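> Have a look; sequence and predicted model below, questions after that.
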There are 2 protein chains.
Amino acid sequence: MPDASQFLLPRGFRFAAAKAGLKKSGRADFALIVADVPASAAAVFTANRVTAAPLIIDKEHLRATGSRVRVAAINAGNANCAAGEAGLAAARATCAAAAQLFHCLPEEVFPSSTGVIGVPLPAEKLIAVLPALAAALGSDFDHFQQVAQAILTTDTAEKTAFARLKVPDPAISDPAIASPAIPCPSGPSKEIRIAALAKGSGMIHPQLVPHATMLVYILTDAAVEPAVLDAYLRQAIEISFNRISVDGDTSTNDTVLLLASGASGATIGPDNAEFAAALTQVCASLARQIVADGEGVTHVVELHIEGAATDADALRIAKAIAHSPLVKTAWAGADPNWGRLIAAIGYSGAQIDPNRIDIWFGSLPICRDGGRAPGFDESAAHAYIAQREFSIAIQLNQGQGSCTFWTTDLTVQYIHINADYSS
Amino acid sequence: MPDASQFLLPRGFRFAAAKAGLKKSGRADFALIVADVPASAAAVFTANRVTAAPLIIDKEHLRATGSRVRVAAINAGNANCAAGEAGLAAARATCAAAAQLFHCLPEEVFPSSTGVIGVPLPAEKLIAVLPALAAALGSDFDHFQQVAQAILTTDTAEKTAFARLKVPDPAISDPAIASPAIPCPSGPSKEIRIAALAKGSGMIHPQLVPHATMLVYILTDAAVEPAVLDAYLRQAIEISFNRISVDGDTSTNDTVLLLASGASGATIGPDNAEFAAALTQVCASLARQIVADGEGVTHVVELHIEGAATDADALRIAKAIAHSPLVKTAWAGADPNWGRLIAAIGYSGAQIDPNRIDIWFGSLPICRDGGRAPGFDESAAHAYIAQREFSIAIQLNQGQGSCTFWTTDLTVQYIHINADYSS
């Protein structure tokens, strides 16, 4: 009897992972996502001006193919960044070997790397396990999960998200009543599936361009033209991956790849609100999972910035707070030291009136008109932010600008993860 | 027999400190610096848009008096920030009481506060100890050091710096050969003294305007007009206090006050290179002492950014590195993970060519043309940055922009200092 989880995976893709020997732990560290036929692709990359070799290759390849991808080849344990010509050559050699195996063009291979920066990537290790990977490919849920695990580095858990939606089937319904503009949920329909996997725990402050060592792969079996797919992706990332920060360090390797196989037989054109919502929901879920699994994280904080002069100002304030070591350490200790929030708001660069700032922890009044709120209850505030997940709302009373942002505390464990050096 | 250290202190100032009961430790927390007659003053304050009550009062007072200060009244243990009208009233009440005691205008009093934000300042505690402070005033080195200790918060040591210079004495020498433009070191001269004291350990990323809970008081017995004094101060801070960061958090209370008593009898006009050099040396010494005493600091790092497109770009890169948790934790572990430096350079916003970046730890080649340097020796690099103080030089090969910047590692102890909360 087939597992119900099987019906979560978009049709037209196969998955496999193997141990290439890049991770010191000896765990699986090289994975493939293979589309049965070249998939329509959209991708966004880090805004960091230092970009890893695979990102340079990816951009070349998408241009060369008109945004079609057959194979995503992802290694963990080495970022293939700051490695000069040797890094580019290593990525190209891996693509060439994969292309030969899958009888496609090298430009149809999309390489990704995550791990330590500045150490040459031993492409020969990746190439050596490619035949075994090809032999192990499968479309079972277990195969999908193996990929989700292989791409992890300091992450403690795999990160996946899923969505399904029904679209009217114009081939078998009356186009007059079942056009994409007037969906007919009760009429004949086709199911579109979206499945996504991600890694990311440290060096997390994605600034994807239109902005990681965040790697995200989103798969759908909808049929979507690359330009349309790109528009959906950019819209979805802006309020998901571009609204999170663990440590404020923007990686050289951040990549989000969205592949559409078309295997559902259902075509998605521009401005389909349901598809956009499903994609955004998947991205937001992964973004929150990345924050929750941030290095050494013990508190996940949802910031609601309201009443800013502009949305850009709201984001400035959220980022100043999310990047303040003093705010983040106070959270680690469940210290309701709201003065540190006020200080971060003050140096954010946003237009503010210090005497009109209101702050709530959940529904608890903390700060009113820039001073201690009349109902301020320190022990209640302490108890509230002692929870693993909590929210902070800040009202600036300047205008209509707002944003929601997810971030974390800064703990002793973060320091241990990133400072413990063994030569 | 007088102590030789006595001759370090500018004439015309007296000092005292007392316990007002603001510090939980019970240590001295309220200090006065009193000029015998109203001193010429120049001051710079934090660029944070949330500014503490005393800074608002200070600006009012300097405007009202044409930049003359009789009394600097400094409390630690409470920042008097985010306290609304009550905060302003507390600062004004303290000034009024001091003015009455010293028979001066309230506007001639310059209040400063440092400590926790958002807790009402109990002015009555300060006012109650004012008479005892007035009675304890003295011009001995011991008095000066008591003030340097009383203003500390999480600092582990007082921070002081001194300079002396001789200027020709036009009153007793021939003006033709001993004008300020043509100093005559062997001729009759007067001695000008500069003494300064500072506090600052956390929330240290001063951005003084022309940019702290950094408080700095610089005293000289030169006679300098306020506008001239202001020009000297702005020039000196730009390459000292504005070039340091412990945690990237810009305080609501940062203040640098420079007072000139004139008691040496020597007048300093504009463009006196010797006075400027002495003042800059004092500021740079204090800036480095603040970094070295940063919260939880185990490594002090001097960054030399060279070959940037502009000086502003060099500063952008220095700040991106100084604020990167991943770089700072690597330093804490003496981990020569230069890839994190490359990543921070990449997201700094500065114009760079990733393939033209060179990095040295001290004189050790680390990165060349954006990749691992040919002579890279990991164990030597590790040993070098295991030292308490080390330097990193980064050559961008873009132009003539450069800066020197002082910063610190990020340690488990920093987290403990700022996260340990007792309700």
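Perfect, thanks for sending it. Numbers count the residues shown, from 1 in each chain, chains lettered A, B, ... in the order given.
> The residue of the stretch 151-300 of chain A found nearest chain B: what's its closest spatial neighbour, skipping adjacent residues?
Per C-beta to the nearest C-beta, A:Thr250 is where the stretch 151-300 of chain A lies closest to chain B, at 4.0 Å. Backbone N, C-alpha and C define where each C-beta goes, glycine included. Leaving aside its chain neighbours, A:Thr250 sits nearest to B:Tyr347 (4.0 Å; criterion: C-beta to C-beta, 6 or more residues apart in numbering or on different chains).
> Just the pLDDT for the residue of the stretch 151-300 of chain A closest to chain B.
The score at A:Thr250 is 74. That number is its pLDDT.
> residues in the stretch 101-250 of chain A within reach of chain B, list them.
A:116-120, A:202-203, A:207, A:247-250 (C-beta under 8 Å from any C-beta of the partner chain).
> Filter those residues down to the ones in strands?
Using DSSP state E, the subset of those located in strands is empty.
> top of those residues by neighbour count?
With neighbours taken as other C-beta atoms under 10 Å in any protein chain shown, the top of these is A:Met203, carrying 33 neighbours.
> Can you verify my assumption that that one contacts A:Asp247?
Yes. Using C-beta atoms under 8 Å, A:Met203 is in contact with A:Asp247, at 6.7 Å.
> Surely A:Phe390 touches A:His299?
Yes. Counting by C-beta under 8 Å, A:Phe390 does reach A:His299; the two are 7.0 Å apart.
> ok, those two, which is more surrounded?
Neighbours were counted for A:Phe390 and for A:His299 using other C-beta under 10 Å; A:His299 has more, 22 against 17.
> What confidence value was assigned to that one?
94.
> How much space separates it from A:Pro226?
Noted for A:His299: a distance of 40 Å to A:Pro226, by C-beta to C-beta, to the nearest Å.
> what's near enough to touch the residue nearest to A:Thr250?
Contacts of B:Tyr347 were listed using C-beta atoms under 8 Å, 6 or more residues apart in numbering or on different chains, and they are A:47-50, A:207, A:249-250, B:320.
> The residue in the stretch 201-350 of chain A that chain B sits nearest to in helix, strand or coil?
Per C-beta to the nearest C-beta, A:Gly339 is where the stretch 201-350 of chain A lies closest to chain B, at 2.4 Å. With DSSP: H, G, I helix; E, B strand; the rest coil as the basis, A:Gly339 sits in helix.
> Quick check: A:Lys23 touching A:Asn75?
No. In this structure A:Lys23 lies outside contact range of A:Asn75 using C-beta under 8 Å: 9.3 Å.
> if I look at those two, which residues touch both of them?
Counting by C-beta under 8 Å, 6+ apart, the residues touching both A:Lys23 and A:Asn75 are A:29, A:115.
> more neighbours, those two?
The neighbour comparison of A:Lys23 against A:Asn75 (other C-beta under 10 Å) goes to A:Asn75, with 28 against 19.
> Which neighbouring elements make contact with the helix or strand encompassing the more buried one?
Assessed by DSSP states H and E, A:Asn75 sits inside strand A:68-76. Strand A:68-76 sits against strand A:30-46, helix A:84-102, strand A:109-114, helix A:141-150, strand A:215-220, strand A:255-260, with contacts defined as 3 or more C-beta pairs under 8 Å, 6 or more residues apart in numbering or on different chains; DSSP states H and E.
> For these, give me CSV that also has mean neighbour count and mean pLDDT.
What follows is these, written out as CSV (neighbours: other C-beta atoms under 10 Å in any protein chain shown; pLDDT from 0 to 100):
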stretch, mean neighbour count, mean pLDDT
strand A:30-46, 24, 92
helix A:84-102, 19, 96
strand A:109-114, 30, 94
helix A:141-150, 20, 94
strand A:215-220, 28, 89
strand A:255-260, 28, 89
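> Which among the ones you listed is found nearest to B:Cys403?
Nearest of these to B:Cys403, taken as C-beta to C-beta: strand A:30-46 at 25.5 Å.
> Downstream of that closest one, the next helix or strand is which one?
Strand A:30-46 is succeeded, C-terminally, by helix A:53-65 (DSSP H and E).
> Confidence-wise, which helix or strand of chain A is lowest on average?
strand A:208-209 (a mean of 52; mean pLDDT, DSSP states H and E).
> The residue of the stretch 151-300 of chain A closest to chain B against B:Ala343, yeah?
Yes. Using C-beta under 8 Å, A:Thr250 is in contact with B:Ala343, at 7.3 Å.
> so what sits against both of these two?
A:48, A:203.
> In three-state terms, label A:Asn253 for me.
Three-state call for A:Asn253 (three-state DSSP): coil.
> Need phi/psi at it.
Main-chain dihedrals, A:Asn253, degrees, to the nearest 10: phi -120, psi 0.
> separation between it and A:Ile117?
From A:Asn253 to A:Ile117 the distance is 8 Å (C-beta to C-beta).
> what's the overlap in contacts for A:Met203 and A:Asp247?
With C-beta under 8 Å, 6+ apart as the test, A:Met203 and A:Asp247 both reach B:Leu326.
> What residue in the stretch 51-200 of chain A comes nearest to chain B?
A:Ile117 (2.5 Å).
> distance of that residue from B:Tyr384?
20 Å.
> on that earlier part again, ramachandran coordinates for the residue of the stretch 151-300 of chain A closest to chain B?
Torsion angles, degrees, to the nearest 10, at A:Thr250: phi -80, psi 120.
> domain parsing for chain A?
Domain ranges of chain A: A:4-292, A:300-419, per automatic domain parsing.
> B:Ser240 is nearest to which of those?
domain A:300-419 (19.5 Å).
> And that closest one, end to end?
22 Å (C-alpha to C-alpha, to the nearest Å).
> wait, what's in contact with A:Ile204?
A:Ile204 is in contact with A:212-214, A:244-247, A:249, A:251, A:290-291, A:294, counting by C-beta under 8 Å, 6+ apart.
> Break down chain A into its helices, ranges please.
For chain A, helices defined by DSSP state H occupy the ranges A:53-65, A:84-102, A:123-136, A:141-150, A:226-238, A:273-292, A:311-322, A:325-332, A:338-347, A:378-385, A:412-419.
> between those, which gets nearest to B:Leu88?
helix A:338-347 (15.9 Å).
> where does that closest one sit relative to the chain's centre, distance-wise?
Remark: helix A:338-347 is offset 28 Å from the chain centroid, using C-alpha atoms, centre = their mean, to the nearest Å.
> cool, and stretch A:157-167?
That offset, for stretch A:157-167, works out to 13 Å (C-alpha atoms, centre = their mean).
> Run a quick neighbour tally on A:Gln400.
11.
> which residues does the residue lying closest to it once chain neighbours are set aside contact?
Leaving aside its sequence neighbours, A:Gln400 sits nearest to A:Gly307 (C-beta to C-beta, 6+ apart; 7.5 Å). The contact partners of A:Gly307, by C-beta under 8 Å, 6+ apart, come to A:395-402.
> Output those residues in a markdown table; the columns should cover pLDDT.
Shown next, in a markdown table, are the contacts of A:Gly307 (pLDDT from 0 to 100):
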| residue | pLDDT |
| --- | --- |
| A:Gln395 | 97 |
| A:Leu396 | 97 |
| A:Asn397 | 97 |
| A:Gln398 | 97 |
| A:Gly399 | 96 |
| A:Gln400 | 96 |
| A:Gly401 | 96 |
| A:Ser402 | 95 |
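> Buried ones from these, can you make that a PyMOL selection?
Of the contacts of A:Gly307, the buried ones can be selected in PyMOL as follows, counting by 16 or more other C-beta atoms under 10 Å in any protein chain shown:
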select buried, chain A and resi 395+396+398+401+402
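> Dump the contacts of A:Gly307 into JSON lines; add distance to A:Asp142 as well.
Shown next, in JSON lines, are those (distance: C-beta to C-beta, whole Å):
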{"residue": "A:Gln395", "distance to A:Asp142": "48"}
{"residue": "A:Leu396", "distance to A:Asp142": "49"}
{"residue": "A:Asn397", "distance to A:Asp142": "53"}
{"residue": "A:Gln398", "distance to A:Asp142": "52"}
{"residue": "A:Gly399", "distance to A:Asp142": "51"}
{"residue": "A:Gln400", "distance to A:Asp142": "48"}
{"residue": "A:Gly401", "distance to A:Asp142": "46"}
{"residue": "A:Ser402", "distance to A:Asp142": "42"}
